[in-house]
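S.K.: What would the 3D arrangement of this be:
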Amino acid sequence: MSDTKKAIDALYAIPPDCDRETWVKVAMGFHAAGGDFDTFNEWSAGASNYDPAAARDTWHSIKPGKGVGAGTLYHIAAEYGWLMGGTSKAPAKVVKRHAAPPRKPNPGLSPTEVWSRCNPATKAHLYVQAKAAIGVPMGSLRVLPEGDPLRINGQDMAGALVVPAYGPDGLQSLQLIPPPGAGKKLNLPGAPMAGASFTVGEVVPGGVVYLCEGIGTAWACWQATGHPAVVCFGWGNVARVAADLRQHDKTARLVLVPDTGKEESAFKIAADVGAKVACMPEGEAQNFDANDLAQRDGFDVLVDLLNSTSEPSKPEPLLKPVSVFDVLTNPAPPPAFVWDDYLPRGVVALWGAHGGTGKSTCALMLAVSVVTGRPLFGVGTSPAPAVFVSLEDGANIVRHRLAGICRAWGIDPLSLAERLHIVDGTENPELFAADSRSAGEVTPSYVELFRLVENTHAGLVVVDNASDSFGGDEINRRQVRGFMRALGQVARLTDCAVCLLAHVDKTTSRNKKAEGGEGYSGSTAWHNSARSRLFMTRGDDGLLTLEHQKSNLGKRREPITLAWPDGGLPMLSNDAYNFDGLNARAQGRADDTAAAALLALIAEFESRGQFCHTGATSRSNPYAVLNAEPAFKRLKLSKEDVKRIVTQCDRAGWIEPLDYRTPDRKPHQRWTLTKSGRDFAAMSPTSAVPVSAAELPVVPIAPTVPTSQDGAPTRMAQGAVPTAPTGVGGVGDSARTQAGAKGTEVCHD
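M.R.: Sure thing, here's the model as predicted:
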């Protein structure tokens, strides 16, 4: 279906008797979708409070690119059961609309008063001749006499053909049709047209009845077949008139005859009332009708078309039955994954992390991995095209990151051209918008994403990120679920995995862990709507931890630790040992030498009762206690160097915290060397006083990956890796007791 047809189809799914605020939004949405005024005006005419002047003025007040977009039209239509492109299967919502009370016609403008001033119509009327309505019944039609003062929207209606519109209580309104070239077809102001109709011919119980928009089409159908044709005065009124006819005659053979462009709406109405549809030939211009066909090709062609009706397909049930008897003989396929266990196909996954942790870079690495079919962090991927939607970072930043990935992995960017699709949405980031009271609606940016995924047959879609794409209240469950459902429609479109990147809340960010295991911010609907959820943090040592916190469709993977070496990309921490970049091994050897000397000094000071406390901000931290020592000064270590090396030693198991009490019985905690730490520092476990720090040899071990601060976009987090396996044991309980009893502190916290 073309965009214009889709917009018209959505328009006619909405009752024209909606409240004014909704009516204006529909006008703006239809305008943004490329709709024309005539169609909008025709739809509006079906409302009981239709005002042609208001319709015209509202339409001309709309400025292109301003206000709401096409997504508003589709969202309102969806509330009444409309399905976008046949892909949405969500049940229609019951929406209560309060129509404004019908206006009372001005004196002299009531249908009865105007009708009483009219003359009988004849076949000599120019409109009758223009429609080639030879031999059609004319007794029920009138003509407004010359000189009549009736004007509608400034248009002189004298000489117009007058078609009566009958409702349940008799004459309800009038439609006035000027001769060709003398003006537009207009309805009588202040007289509602909703539910009104006019019949050409005589309806017979159980017989064929054609339903048309205008009298010209009805004349053609009657001329071709002799069966009655009902004028509905606009397509927006067809559903109501058809329902009334069906209610009065359960056996009537109703046939809808839509103009070109309104076929889908006709099939939906037909399905509701038990009717058939006679569609115009394919390829005809918009609004081409049965009268146009008869005048161009002859009534015999129209007869064949009216006899070749189509039945609407039965709508799928909203609650679909699932077979159970053949689950073993005809098993359902197991869940498929784009990234094994992490990202299942056809659903939405959530990847949370604090800003600056590196999730955008990792997600772009994932997109490249999926496109090229290579594993990421030791986890396999399924080759597929990928779409990366950047809503926070502009094109230059994303391209810079991609260049770093291609260089690091030896990828020719030309090989990505047809399979990796990156779009910059920073100027129009919202995919979903909602005010404080609404359930929310998709935006034009979402519609563009929908088309992009469909056209590229994407297997992976990364949306970076939730805070930019979601224009609602993150703690509003209804809005969050609406947004996640909209992304779910994208996932089902091509059976792709949709990965939504999200920031975490302040508490989680501050504590560098997920409180209660939940790494997301806002309503629990974020967690409940995602079928898989990942959470990434960065520790004080610079290492990244990727947790798999939820998995509905597969097993949960164990947490993995990633290092981000300087000048490289995030990788498994074990792989980081072999990373050959920017003097990594030289830095590792230097850190090992410093670590051995630092351990010796900590032990030496401990033997003298001068303790290095474990608190990084303590007045007795290792740097504060040791910085005056000549041997320490020769190491030329900064506070940050000491903090980093102490962290490495702790991770390697060379030191451990020891609880003790000062002479005044206050509890404290200090660093003490373990057995493996003493071995590393070349100390004898029985020696009371260690060898001088300057004399300690360096034990050859695996090099340490350097640590550095956040840098370029491709190097947002780096970390160090422990250089030896964790040691067990310690210096002995008796030694600890003795040290705790005899030690005196230099200073206290």
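S.K.: and P317, helix, strand or coil?
M.R.: P317 falls in the coil class when you classify it by DSSP: H, G, I helix; E, B strand; the rest coil.
S.K.: So what's the residue count around it?
M.R.: 8 (other CB atoms under 10 Å). Every C-beta, even on glycine, is put in place using the N, C-alpha and C of the backbone.
S.K.: mind checking how far it is from A78?
M.R.: According to CB to CB, to the nearest Å, P317 stands 18 Å off from A78.
S.K.: what do you get for M571?
M.R.: Relative to A78, and taking CB to CB, M571 is found at 45 Å.
S.K.: so for stretch 255-263, what's the average pLDDT?
M.R.: The average of the pLDDT scores along stretch 255-263 is 94.
S.K.: actually stretch 642-655, not the one I typed
M.R.: 90.
S.K.: chain center to that stretch, what's the gap?
M.R.: Distance of stretch 642-655 from its chain centroid, counting by CA atoms, centre = their mean, to the nearest Å, is 45 Å.
S.K.: helices or strands up against the longest helix seen in the chain?
M.R.: Scanning the chain for the longest helix, with DSSP state H as the assignment, gives helix 584-607. With contacts taken as 3 or more CB pairs under 8 Å, 6 or more residues apart in numbering; DSSP states H and E, helix 584-607 sits against helix 622-626, helix 630-633, helix 639-652, strand 667-673, helix 675-680.
S.K.: Select, out of the ones you listed, the one closest to S310.
M.R.: When these are compared by CB to CB, helix 639-652 sits nearest S310, at 72.3 Å.
S.K.: quick one: the following helix or strand past that closest one to helix 639-652, angle?
M.R.: Counting by DSSP states H and E, the element after helix 639-652 in chain order, helix or strand, is strand 655-661. Angle, strand 655-661 to helix 639-652, by axes from the mean of the first three to the mean of the last three CA atoms, to 10 degrees: 100 degrees.
S.K.: can you pull the buried residues of strand 655-661?
M.R.: Residues 655-656, 658, 660 are the ones in strand 655-661 that count as buried (16 or more other CB atoms under 10 Å).
S.K.: mean confidence score for stretch 381-395?
M.R.: Here the average pLDDT along stretch 381-395 is 96.
S.K.: so how far does it reach from one end to the other?
M.R.: In stretch 381-395, first residue to last residue: 26 Å (CA to CA, to the nearest Å).
S.K.: wait, what's in contact with N627?
M.R.: Residues near N627 by CB atoms under 8 Å, 6 or more residues apart in numbering: K633.
S.K.: all helices for the stretch 51-200 of the chain, in order.
M.R.: Remark: helices assigned in the stretch 51-200 of the chain by DSSP state H, counting those that start in this stretch are 52-61, 70-79, 111-116, 126-130.
S.K.: Which one, of those helices, ends up nearest to T329?
M.R.: T329 lies closest, by CB to CB, to one member of these: helix 70-79, at 38.3 Å.
S.K.: now A242: how far from H248?
M.R.: From A242 to H248 the distance is 11 Å (CB to CB).
S.K.: More neighbours: which of those two?
M.R.: The residue with more neighbours, out of A242 and H248, is A242; 25 against 10, by other CB under 10 Å.
S.K.: Give me the buried stretch members for the host helix or strand of the more buried one, please.
M.R.: If you go by DSSP H and E, A242 is part of helix 238-248. Judged by neighbour count (16+ other CB under 10 Å), helix 238-248 contains these buried residues: 238-242, 244-246.
S.K.: could those be laid out in CSV, adding pLDDT?
M.R.: Below are the buried residues of helix 238-248 laid out as CSV (pLDDT from 0 to 100):
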residue, pLDDT
V238, 93
A239, 91
R240, 91
V241, 94
A242, 94
D244, 93
L245, 94
R246, 94
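S.K.: Of those residues, which is the nearest to F432?
M.R.: A239 (29.6 Å).
S.K.: What is the burial count for the nearest residue in space to the closest one that is not next to it in sequence?
M.R.: Among residues not flanking A239 along the chain, I269 sits closest, at 4.7 Å (CB to CB, 6 or more residues apart in numbering). Using other CB under 10 Å, I269 has 26 neighbouring residues.
S.K.: again with Y80
M.R.: 16.
S.K.: One more: D495?
M.R.: D495: 15 surrounding residues under other CB under 10 Å.
S.K.: G346 is in contact with that one, correct?
M.R.: Yes: between D495 and G346 there is a contact at 4.9 Å, judged by CB atoms under 8 Å.
S.K.: Mind listing the shared neighbours of the two?
M.R.: With CB under 8 Å, 6+ apart as the test, D495 and G346 both reach A336.
S.K.: Quick one: residues contacting P383.
M.R.: 370-373, 459.
S.K.: With M484 instead?
M.R.: Contact analysis of M484 by CB under 8 Å, 6+ apart lists 348, 525-526, 529-530.
S.K.: Narrow the residues you listed to those in helices?
M.R.: Going by DSSP H, the helices hold 525-526, 529 from the contacts of M484.
S.K.: Can you get me a residue count around S116?
M.R.: Neighbours of S116 under the rule other CB under 10 Å: 9.
S.K.: just G65 next, same as before
M.R.: The tally of other residues near G65 (other CB under 10 Å) stands at 6.
S.K.: now S61
M.R.: S61 has 11 neighbouring residues, counting by other CB under 10 Å.
S.K.: any idea how far H31 is from it?
M.R.: Distance of S61 to H31, computed by CB to CB: 10 Å.
S.K.: For the residue lying closest to V368 once chain neighbours are set aside, list the residues it contacts.
M.R.: Excluding the flanking residues, the one nearest V368 by CB to CB, 6+ apart is I405, at 5.4 Å. Each residue near I405 by CB under 8 Å, 6+ apart is listed here: 364-365, 368, 411, 569, 714.
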